[in-house]
Every structure is written in structure tokens, then in C-alpha cells.
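> My questions are about this predicted structure, shown below with the sequence.
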Amino acid sequence: MKKKLKAMVMASFLGDSLAMPAHWIYDTEEIDQRFGRVDELRAPPESSYHHAKKSGEFTHYGDQTMVLLESLAAESGFLLDKFAEAWKRLFAGYPGYFDHATKTTLQNFAAGKPPAESGSASTDLAGASRIAPLIYAYYGAPAQLIVNCRSQTAMTHNSPAVVDSSEWFAKVVVQILAGKAPLAAFSESRQEHPGNTAPFTHWIAEAIENIDKEPRLVIGKFGRSCAAEGAFRSVVYLAAKYQANLQEGLIENVMAGGDSAARGLLLGMILGAHNGMPALPEKWLAGLKGAAHIGNLLATIDGAETAG
């Protein structure tokens, strides 16, 4: 199980890093012309939102996920106040991009709001995309896992759809780690929660109904933007379509354009949990700048569990 959990975390970071150079390019023809097929980790161009980054590094989404992982290791568990402190330190002099949710959350902190009340009203799915480290640390405590996923998400993205999405993805990944294929886990989640107030039942059905269609067509229809409504469906669609092919799934996610980094964090998490470490391309892992650091942090979390 630990190997699949590690693959889940590593693949989540890979999904973000692979997407970085073409992140937020919505014109797929432009991606083709400027990058060709994005099948390796690359440095972003000068015109990128992430131009200060190097090949194998992360977008601001991935950096926040790293801060969460570091906080879990340092505190031997999730403490919202400690995560908030580390999150604020990340953005003190940060050379990368500040999105609207980050700016609003920082303003709320500056106004004296505590972490439980600091979240923006952003509907961007990115707030739910950081959860792989929490699943690693709390896989054996599902009730606490859900509480923590919702808490970390709401700290920056306090939209019901985004907070509920973090819970749904956590529950589904736990099932996948236990042996269910993504498509089966998605389908069963519809049956188990038919009365969910969130529109997940409808979103999941739409994603699965389009599984035989081409990624650019489907994601273009769902919407390439950051908003949860389209991004949620796109992640489910890609994870179901490429459940046995992590590498192809992450590549097609990038080639489809838009907010590919937020989708990539969640897609990599799902496909890594299902396929394990052998599915992660060795060249990608070798080029991932934080790979050794991630491994050490996971080992620290394991040590804290053993000591506890």
C-alpha cells in the first residue's frame, strides 16, 4: 500500500510540473505550434505565467501542495494554523504567480481573519487539488481525512462546490487505493450518493458518457477554465478514459489546454493511486526537482506514524 500511496503523491506533483509550461493557454493550436506534444518536463517560456520557474519545478498550485506536505511532516499531522503560517511564508516574496484566490486569502489574513475564515469565494477547483499529501497521511483515518481535506481547501477556496469536491475526490481515491479501478469507483459514487446536494451525480454521468470521445473535444465542451463545474468533469473523464495509462492521461490533459495544472494534480493523484510507481515514467521522475525532497517528507510522515 505504501508504494501506491507514494505513487499517488509523486504523480500528483508530476501532473502539475508537466502542465507548467503550457498552463493557462486556452488555444490548443497555440500549444501545438509552440510546444508540439508535451511529453516531457520543460521550462516555461518567457511569456508564461510561470516564467520564473525551471524545468521540473511547480506552478503556484504545486508549490502550495508542497507546503502542505512539508507542514504534515513538520507537525506530525495536519494543523490548520501551522499550515496557514507556512502557506503565508510561501507567498512572502514569492517569485511566481498570484491568482485571485491567493490574493484574496492574503488580504483576509492581513485583515486579521483566522485560517478557518480566510478563504476566498473562488470556485476554482485548484483549492481541492492539493489533497494528495493529506490522503497519504490520513489514509487509515478516513473521517479525519475528510475533515482535513475540507479544512485545507476552505482556507483559500471557501466555495461549497470546491470544498465538497475535495471530500469527493478523497473518498474516491481511498476506494481506488483499496483496489477499485477509477471508472468503477466513479460509477459507484453515483449510486451511493444519489441525493447529494452538490451536482456531482450529474457531473460524473456526463464525464463517463463522453469517455469514447477525444480529450480536446470533451474538455472544450466541459470548459477549460479553472471553475469546478468544468474542471471536475474533465478530471473524471480523463481518469476514466486513461485509467490504465497514466503517462498518456497526463499528456492529454496538458494538450487539452486551460487550467491543466489544477486538473493535473488531481488526475495524477488518481492515476498514481491506481497504477502505482511502475507507471511513473523514469525520465519524468529524474527531472522532477523536488522528487528527493518529497520522498524524504513521506518517510518523515511514515516515521511519525511508526513512532505514534
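Structure's in. What do you need? Predicted model only: the values in this text are computed from it and were never measured. Numbers count the residues shown, from 1 in each chain.

> Okay, residue 140 and residue 208: tell me how far apart.
Residue 140 is 30 Å from residue 208, where distance means Cβ to Cβ, to the nearest Å. Backbone N, C-alpha and C define where each C-beta goes, glycine included.

> for residue 176, same thing?
With the distance defined as Cβ to Cβ, residue 176 ends up 15 Å from residue 208.

> Name the residue in those two with the higher neighbour count.
The neighbour comparison of residue 176 against residue 208 (other Cβ atoms under 10 Å) goes to residue 176, with 25 against 17.

> What helices and strands are in contact with the helix or strand containing the more buried one?
Element membership for residue 176 (DSSP states H and E) is helix 160-177. Using 3 or more Cβ pairs under 8 Å, 6 or more residues apart in numbering; DSSP states H and E, the elements in contact with helix 160-177 are helix 2-19, helix 132-138, helix 142-154, helix 182-192, helix 200-209, helix 228-241, helix 260-275.

> pLDDT on whichever helix or strand comes after the last one, on average?
Along the chain past helix 260-275, the next helix or strand (assigned with DSSP H and E) turns out to be helix 282-287. Model confidence over helix 282-287, given as mean pLDDT, is 98.

> Which positions in helix 282-287 come out as buried?
Along helix 282-287, these residues count as buried under the neighbour rule (16 or more other Cβ atoms under 10 Å): 284-285, 287.

> In TSV: those, plus distance to residue 199.
What follows is the buried residues of helix 282-287, written out as TSV (distance: Cβ to Cβ, whole Å):
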residue	distance to residue 199
284	34
285	36
287	38
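
> where in the stretch 101-250 of the chain is pLDDT low?
For the stretch 101-250 of the chain, the stretches flagged by pLDDT under 70 are 191-198.

> hmm, try it at 90
Scanning the stretch 101-250 of the chain for pLDDT under 90 picks out the ranges 188-201.

> now could you export just the CA positions of the helix holding residue 176 as CSV?
Listed in CSV are the C-alpha atoms of helix 160-177, where the atom choice follows Å, rounded to 0.1, in the frame of the first residue of the first chain:
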residue,chain,number,x,y,z
PRO,A,160,-19.2,24.9,-1.4
ALA,A,161,-18.6,23.2,-4.7
VAL,A,162,-14.8,23.3,-4.2
VAL,A,163,-14.9,22.2,-0.6
ASP,A,164,-17.3,19.4,-1.4
SER,A,165,-15.1,18.4,-4.4
SER,A,166,-12.1,17.9,-2.1
GLU,A,167,-14.2,15.5,0.0
TRP,A,168,-15.5,13.6,-3.0
PHE,A,169,-12.0,13.1,-4.5
ALA,A,170,-10.6,12.0,-1.2
LYS,A,171,-13.3,9.4,-0.8
VAL,A,172,-12.9,8.1,-4.3
VAL,A,173,-9.1,7.9,-4.1
VAL,A,174,-9.3,5.9,-0.9
GLN,A,175,-11.5,3.4,-2.8
ILE,A,176,-9.0,3.3,-5.6
LEU,A,177,-6.1,2.6,-3.2
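
> Touching it from outside, list them.
Residues from elsewhere that reach helix 160-177 (Cβ atoms under 8 Å, 6 or more residues apart in numbering): 1, 4-5, 8, 122-125, 127-128, 131, 134-135, 139, 142, 145-146, 149-150, 152-154, 157, 182, 185-186, 188-189, 196, 198-200, 228-229, 232, 266, 269-270, 273-274.
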